[in-house]
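Undergrad: any chance you can model this:
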Amino acid sequence: EKVTGGFDPANDLNSLVAPLVRQVDLTFGMILKDAISAVKRRGKEHSSSASFDDVSDPFLGARQHCAAALQHSSQGDNGASLNYTRKALESLLKAVIRALALPVRSSDPVDNLLLPQLMAVVNQYLEVPGEFRKALEIVRDDSTLGSHDQGKSKQDFLTSAITQAAINRYQQLERFFETLLANPEKYKKRAL
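TA: Model (predicted):
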């Protein structure tokens, strides 16, 4: 369909076929990308190695955790919702650290760092405005509420208002860090 005009045997066959081969390559790439995304949406573990989706959306894992937090919140499971909010925040900060190649002073790889360590790296190397620094602390503290007693109590103190507030703050942080990745030099404290 993409080839226009009649076939002239005098034309070079390779030059006529080259655009078709390129279109087939692009189409195959898009089909493969869609297939990878579909597998990830079905709940498969997010690989630590970079995939096509990691390049196009470094926050993919964080967004998946946030979606799980919203789902648990809608079902009234506030503890699980807060746990997923914490996972989303950890995944978000890991993506920022990787994307900006921030130095990590730890023998552990970035994927093994805990939330306080991730926050320390981000706060050390990036100029995070006060309101977002405070939001990081609030989401960290609120999401920790979901971990108390490790499911041994009913966690009656957790309300949907606490859960939704933590998710909303997390989403604000995600938008801020998207902006930061679009213009990282504006937020770096010093040359790395």
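Undergrad: and the residue nearest the centre of the chain, backbone torsions?
TA: Centroid-nearest residue in the chain: Phe59, 1.7 Å away (criterion: Cα atoms, centre = their mean). Phi and psi for Phe59, reported as degrees, to the nearest 10, are phi -100, psi 20.
Undergrad: what's the answer for Asp108, then?
TA: According to degrees, to the nearest 10, Asp108 has phi -80, psi 150.
Undergrad: ditto for the one 4 residues further on
TA: Comment: the main-chain dihedrals of Asn112 come out as phi -100, psi 0, following degrees, to the nearest 10.
Undergrad: now swap in Leu126 and tell me
TA: According to degrees, to the nearest 10, Leu126 has phi -120, psi 140.
Undergrad: and it, what does it touch?
TA: 96, 100, 102, 180, 187-189 (Cβ atoms under 8 Å, 6 or more residues apart in numbering). Quick note: C-beta positions are derived from backbone N, CA and C, even for glycine.
Undergrad: repeat that for 6 Å
TA: By Cβ atoms under 6 Å, 6 or more residues apart in numbering, the residues touching Leu126 are Tyr187.
Undergrad: hey, what's it bridged with?
TA: Note on Leu126: beta-bridge partners by DSSP bridges are Lys188.
Undergrad: the strands in this structure, which residues?
TA: For the chain, no strands are identified by DSSP state E.
Undergrad: residue ranges in it under the pLDDT threshold?
TA: Residues of the chain meeting the criterion pLDDT under 70: 1-11, 13, 16, 42-55, 146-156, 190-192.
Undergrad: surely the residue nearest to the centre of the chain touches Ala95?
TA: Yes. Applying Cβ atoms under 6 Å, one finds Phe59 in contact with Ala95, separated by 5.4 Å.
Undergrad: any idea how far Ile36 lies from Leu92?
TA: 21 Å (Cβ to Cβ, to the nearest Å).
Undergrad: ok, now Asp108?
TA: For Asp108, the distance to Leu92 - Cβ to Cβ - is 18 Å.
Undergrad: what residues sit buried inside the lengthiest helix in the chain?
TA: Counting residues, the longest helix found in the chain (DSSP state H) is helix 13-41. Neighbour counts over helix 13-41 (16 or more other Cβ atoms under 10 Å) mark 37, 40 as buried.
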